[in-house]
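>>> using only what follows, build the 3D model:
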Amino acid sequence: MTNALYYGDNLDVLPASIADESVDLIYLDPPFNSNASYNVLFKSPTGVDSPAQIEAFEDTWHWGPEAEGAFDQVMQSGKTDAADMLRAVRSFLGENDMMAYLAMMAIRLIELNRVLKPTGSLYLHCDPTASHYLKIILDGVFGKEQYINEIIWRRYSRPKGSQFEARRFGNSTDTIFFYGKSNDYKFYLSRIKTAIDDEEAEKRYNLSDEHGPYYSGPLLRSSSMGVRPNLVYAYKKFTPGPSGWRMTKSKLTALDARGDMFWTSSGIPRRKVRPGEDPGITTDNLWTDIEALGAQAAERLGYPTQKPLALLERIISVSSNPGDIVLDPFCGCGTAVHAAQKLGRQWIGIDITHLAVSLIERRLKDAFPGIAFEVHGTPKDIDGARDLAIRDKYQFQWWAVSLIDAQPYGGKKKGADSGIDGLIYFRSDAKTTERAIVSVKGGEHVGVPMIRDLKGVLEREKAPIGVFLTLAPPTHPMIAEAASTGFYELGGRKYPRLQIITIEDALKGEKPAIPLVDTGAAFKRAAREKAEHPKLDF
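Numbers count the residues shown, from 1 in each chain. Have a look, this model is predicted:
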């Protein structure tokens, strides 16, 4: 089975797990070097964004040993054009944040070029901050002759922000660079059409007859469409050139019979195209019909850089077939893999944070109940959990709270530790939502003082239940101290106010004893998709 999520740096995952020329389509929406911290926002019980924000990744790039190493890898890659391009850019930019970003992107693009099939293509989504430099790097990696399009996506019909005393034009667009691995890349433009709006329809259907409005459309193929001998035939004593008609003789006869064919004064056959028959406008490289997700969009899950499903569906539909493999090496909140699953493609997603991977898992299971896929790189046993806790305590915390369906709380900022690593919302009655507080400990030694600390947090936060999630087994005195906290009563049932769960037991599926857990209050859930993906050959 190909469908898989990978936790890890894509520069490590790609060479270790993805074979040469095995992927049909790559979409990537990497950080834009904006020096901004992107946060995954969770929904509070009131339905607004929670003040508890988790830093999924920090979009900061600085020149240092890692960037120097990436630059050196490009120089040693054998991709001489890419190396020459990157070296030239470095001589211009110097050693700064932008150069660090470009060096780290260049070596990853070389890896992406390796895994792409000769019939495959790559779409790189970026904003104006670094797009002009990325185009140079892409030319060096893929070859300038493999550049196909610069797609401009208008995210907003109106620029955001105040225009009062503005010193520049508002930003409303992103850039998507489209490259083929070779000249044999898959591309099916007829699959995507832009709907005609009322104003355009009024202009277009400017003729009418007894059957209603129409516009004059061609019936003959143009010479640029090539020779089609099977479509060359005589009709009413008219024989077209070697390119032939646009349809078979039986379809042309039926078209004429229902009054949708006419002859111009110069004797050329034309078609009357009715409003109900219009397939829409062929899409070009200016995409203005797909709006960015608004704050209240039903599709929005809280990821600030989340792209609309329609955008990814367009890219996947036009450049791949059902069963093909789609790869997103910066999969974020998983829109590309969601769209791929919806359209019947296989998919691979890679992200560098456990938080993103766990969010995508939840998104896919909500949207496609019963879906089967693999998750690589996340701990599967206690040894894996220990290893993650040693390597990155924040990733460990985010992964650990996901085991018990808790919402992560707090970020990496200094002073952010309030004794709360996760939250579980539950209903105490029809109108009231309560919080259970989760504290995660990844050390090899735990003791009674930690239980007492959590008791203090419960009192401070006026929370009815606390969960102590620990990598190390609890001691008997810890269990006794937790028991002394007493019970929370609801609906005639008693729940321990302070519960201890080990990571080992959580890996086996154990969950806290909490009444009426309201996962909808904590996480923004993806809407369930239809069981069958749509037919694409329209």
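
>>> quick check: longest helix in the protein by residues?
In the chain, assigned by DSSP state H, the helix with the most residues is helix 97-115.

>>> so after that one, what's the next helix or strand?
Sequence-wise, the next helix or strand downstream of helix 97-115 (DSSP states H and E) is strand 116-126.

>>> what packs against the longest helix of the chain?
Helix 97-115 sits against helix 10-17, strand 23-28, helix 65-75, helix 80-93, strand 116-126, helix 131-142, with contacts defined as 3 or more Cβ pairs under 8 Å, 6 or more residues apart in numbering; DSSP states H and E. Every residue, glycine included, has its C-beta placed from N, CA and C.

>>> any idea which of these is most buried?
Most buried of the helices and strands packed on helix 97-115, by mean neighbour count (mean count of other Cβ atoms under 10 Å): strand 23-28, with a mean of 25.

>>> and the angle from it to strand 116-126?
Here the directions of strand 23-28 and strand 116-126 differ by 10 degrees (axes from the mean of the first three to the mean of the last three Cα atoms, to 10 degrees).

>>> starting from strand 23-28, tell me which strands it pairs with and how they run.
The pairing partners recorded for strand 23-28 under DSSP bridges are strand 116-126 (parallel), strand 325-328 (parallel).

>>> to Ile503, which of these lies closest?
Closest to Ile503 of the strands paired with strand 23-28, according to Cβ to Cβ: strand 325-328, at 29.3 Å.

>>> could you point out which element follows the closest one?
Using DSSP H and E, the helix or strand that follows strand 325-328 towards the C-terminus is helix 335-342.

>>> report the rounded mean pLDDT for that following helix.
For helix 335-342, mean pLDDT rounds to 97.

>>> contacting residues around Pro512?
Ile404, Ile424, Ala436, Ile465, Val467, Gln499, Ile501 (Cβ atoms under 8 Å, 6 or more residues apart in numbering).

>>> tell me the SS of it?
coil (DSSP: H, G, I helix; E, B strand; the rest coil).

>>> secondary structure class of the residue lying closest to it once chain neighbours are set aside, three-state.
Nearest non-adjacent residue to Pro512, counting by Cβ to Cβ, 6 or more residues apart in numbering: Val467, 4.7 Å away. Secondary structure assignment for Val467 (three-state DSSP): strand.

>>> how close does Val467 sit to Ser17?
Applying Cβ to Cβ, to the nearest Å, the value for Val467 to Ser17 is 34 Å.

>>> then Val375?
The spacing between Val375 and Ser17, counted by Cβ to Cβ, is 13 Å.

>>> joint contacts of the two?
Taking Cβ under 8 Å, 6+ apart as the criterion, Val375 and Ser17 both touch Tyr6.

>>> that older thread, tell me which of the contacts of Pro512 fall in strands.
Of the positions in those, Ile424, Ala436, Ile465, Val467, Gln499, Ile501 sit in strands, assigned by DSSP state E.

>>> wait, Ile371 touches Lys365, no?
Yes. Between Ile371 and Lys365 there is a contact at 6.3 Å, judged by Cβ atoms under 8 Å.

>>> residues shared between the contacts of the two?
By Cβ under 8 Å, 6+ apart, no residue touches both Ile371 and Lys365.

>>> in a markdown table, list the strands paired with strand 23-28 along with distance to Met104 and mean pLDDT.
A markdown table is the format used below for the strands paired with strand 23-28 (distance: least, Cβ to Cβ, whole Å; pLDDT from 0 to 100):
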| stretch | distance to Met104 | mean pLDDT |
| --- | --- | --- |
| strand 116-126 | 14 | 97 |
| strand 325-328 | 17 | 98 |
